[in-house]
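[1] any chance you can model this:
(2 chains)
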Amino acid sequence: MFFFYLALFLICLPVHAEETVKIGEVNPMSGAIGRYGTTCHQGIGLAIDQANSSGGVLGKKIALLTEDNQSQPGQTSTIVRKFVTQDKVVAIIGDLTSSATLEGGPIAQAAKIPMVTPLATNPKVTQIGNYIFRICFIDEFQGRVMARFALENLRAKRAAILTDTKQDYSIGLSGFFKATFVQGEGEVVREQSYSSGDTDFRAQLTSMKAAGPEIVFVPGYYPEVGIILKQARQLGLTVPFLGCEAWDSPTLIQVAGKAADGCYFSNQFSADDPSAVVREFRKIYQERFGSLPDNFAALGYDAVNVLLDAIKRANSTDSGAIRDALARTKDFPGVSGHITIDAQRNASKPAVILAVKDQKVQYFEKINPD
Amino acid sequence: MSRSLLNLVFALVLCASISFFGENFIASNFAYYYDILISIGVNIILATSLNLVNGYTGQFSLGHAGFMAVGAYASASWSNHLDPIIFGIVNGSGNPVATNAAMFVSMLFAGAMAAIAGFAVGVPSLRLKGDYLAIVTLGFGEIIRVAILNLDFLGASRGLSVPGTYTNLFWTYGSVVLCIYVVLSLVHSTYGRGFLTVRDDEVAAEAMGINTTKYKVAAFVVAAFFAGVAGALYAHFKAFLTPEGFNFFRSVDVVVIVILGGMGSTIGVVFAAVLLTILPEALRGLAHTEFVPAAYQVLLENRLILYSLLLIILMLTRPQGLFGDGTAFKKWLGRSRAD
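    Below you'll find the model as predicted:
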């Protein structure tokens, strides 16, 4: 049996399908965060199919090679090695997490194959090298946007911050929020922290209530935030809570119920965005998959389209030419806003602010990068 | 020089020459296969060393990934902080002599740290038996992972980058050879018969005047050392570590290899490590070829289910392990029922 598989394995040399542009996709489609990878894959697949049905790119069909890294460390580097040496892809989309991109990125960089990550927000990702790009905005921008939103739209001067010290992401956002808020003549009256997995936040919330904030910024993930909101309202802390894209889940509303009303959070994308391009995307996506597109689907969709646009502008499938074209991406009309790739290969684009009203998440407004 | 020692030297020379002449060729032309080769080597070391504890000594440890994590993070920290000072290697690039020396030192450090951890865990917990030992080792693996998650200088949940990819075929397969040699020599030596007596009948062994705890701790420390070395190889190959890579499931992967290979059968475990590393990748490879008719492609798209099914079939048809003499496995089954 063993030799049978070994033999099969050895003869599995890549079969050359002629005249296609090969793009590799690596995403966590099973395992701990399999749900996110799956919707991201749906967005990516949709974009590829749309491009193929309108004639592909440079007169060739696009072949998407999808590999699942099972949300497991150690897999992404193997997959990227497979993409660059076995499949000879022209570019790679993925991974949607920072840690997997940090693992696979150096290999793509060494092989000089452009890698476009939909949602890896860690600043270090694009510092790997000049072939690594991202389609999402980074934490610094998000923290700044929420601080400006609190100062300008909510006219708040006194803020409290509740940070998840176990998540680097949360620590980063709190820092950027505080810096901008203080710069805008605001005052941070209380800072408290918790750890992912905690279920009781009454001590922190009581201390915050005593300080009398006008808003509370909680850059945490939805499982805890749902409970935080509920407990805050029980303790009589009724001011608006502000959050980040990690709030974006129906679970948050289910857990918090009425307690979530009057809160705001920033996001990469909203399916309720009234712009024409989003309405169109939402319609097609819903027809095909039966659910509303989320962040992951939208950014996967945008990642493919930005890449294809770059291939068209480069008018070549040469990796170097694609890289240069990607770096020159300017005002690309994506579903998550107009995307410009800056000098650090990060996307500069608007953030969407969502409001919770009557236990429903609604599109509130868009804040452009400054 | 005894015959087995001669074999060891011969195997090491072979690894060195393959690495010296073929390394660059394979790594640049067949990077994907190279990646799998290194993973196979790492898995062989993990499984062979765990086999000393779970197979030959009859204990049930579920914490091997914890020792691997200790080794991986120890060697990564060593390389990050001390290589520039000791060997003058900046960002992983230096002359081959320096990088290989650095790799050797960091591997030794990784093994030593893991062995110390193995000793620290082993001494109190190896007085326990059967399921209780399994629970303690499982707990240890989780403690290591959570500790790393909370240690900022190890990168916490962000993960830790390791500059340079020092791992090559020589260090990987040299360690494989050394690990197999050490385990086999230990077990077949006069001293090592003690491991087998602990497995076969602990009460009788004690009656014969064998210090069973000492033997268990010895097996544990040796296994932890090699798990640490495997961690160092992994760290310097993947160049990026996250605590999630060393969770409970990584330990279970190794245990599966040992059980499938046959507890107490080194050759079986080596083959199982090769098979179980190649199998998922082979299924991945098949998914995009025309060797498989379209109707069966759906099976390959769900290759993880297929992989699990194959494991179940293998276990049903070869419960004693691929090559194993069934005694150890039956013994363990019998014992866990009795406890």
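[2] how close does the residue lying closest to A:Phe281 once chain neighbours are set aside get to A:Ala91?
    In this structure, A:Phe281 finds its nearest non-sequential neighbour in A:Val335, 4.6 Å apart by C-beta to C-beta, 6 or more residues apart in numbering or on different chains. Heads up, the C-betas are built off the backbone N, CA and C, glycines and all. In this view, A:Val335 and A:Ala91 are 20 Å apart by C-beta to C-beta, to the nearest Å.
[3] repeat for B:Phe195
    To A:Ala91, B:Phe195 is 53 Å away according to C-beta to C-beta.
[4] list the contacts for B:Leu138?
    Contacts for B:Leu138 (C-beta atoms under 8 Å, 6 or more residues apart in numbering or on different chains) come out as B:Leu62, B:Gly63, B:Phe248, B:Ser251.
[5] and it, how close does it get to chain A?
    Distance, B:Leu138 to chain A, using C-beta to the nearest C-beta, to the nearest Å: 19 Å.
[6] give me the secondary structure label for that residue.
    helix (DSSP: H, G, I helix; E, B strand; the rest coil).
[7] A:Thr163 now?
    Following three-state DSSP, the label given to A:Thr163 is strand.
[8] can you name the residue of chain B nearest to chain A?
    Going by C-beta to the nearest C-beta, chain A is nearest to B:Gly245 of chain B, at 3.3 Å.
[9] pLDDT wise, what is that residue at?
    Here, the pLDDT recorded for B:Gly245 equals 88.
[10] and it, how many neighbours?
    Neighbour count of B:Gly245, defined by other C-beta atoms under 10 Å in any protein chain shown: 25.
[11] next one: A:Arg345
    So A:Arg345, with other C-beta under 10 Å, has 22 neighbours.
[12] and it, which of the three is it?
    Following three-state DSSP, A:Arg345 is assigned to coil.
[13] what about it, distance to chain B?
    18 Å.
[14] could you do A:Thr20 as well?
    Distance, A:Thr20 to chain B, by C-beta to the nearest C-beta: 12 Å.
[15] can you report phi and psi for that residue?
    When read as degrees, to the nearest 10, the backbone of A:Thr20 gives phi -120, psi 160.
[16] in stretch B:247-256, what counts as buried?
    For stretch B:247-256, burial by neighbour count (16 or more other C-beta atoms under 10 Å in any protein chain shown) applies to B:Asn247, B:Arg250, B:Ser251, B:Asp253, B:Val254, B:Val255, B:Val256.
[17] in PDB, could you pull the C-alpha coordinates for the helix or strand containing the fourth one?
    Under the criterion of DSSP states H and E, B:Asp253 resides in helix B:248-261. Once side chains and other backbone atoms are set aside, the C-alpha atoms of helix B:248-261 remain, and they are given as PDB (Å, rounded to 0.1, in the frame of the first residue of the first chain):
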ATOM      1  CA  PHE B 248      -2.800  19.100  21.300                       C
ATOM      2  CA  PHE B 249      -3.500  17.900  17.800                       C
ATOM      3  CA  ARG B 250       0.200  18.000  16.900                       C
ATOM      4  CA  SER B 251       0.800  15.600  19.800                       C
ATOM      5  CA  VAL B 252      -2.000  13.400  18.600                       C
ATOM      6  CA  ASP B 253      -0.500  13.400  15.100                       C
ATOM      7  CA  VAL B 254       2.700  11.900  16.500                       C
ATOM      8  CA  VAL B 255       0.800   9.400  18.700                       C
ATOM      9  CA  VAL B 256      -1.100   8.300  15.600                       C
ATOM     10  CA  ILE B 257       2.200   7.700  13.700                       C
ATOM     11  CA  VAL B 258       3.500   5.600  16.600                       C
ATOM     12  CA  ILE B 259       0.300   3.600  17.000                       C
ATOM     13  CA  LEU B 260       0.000   3.000  13.200                       C
ATOM     14  CA  GLY B 261       3.700   2.000  13.000                       C
END
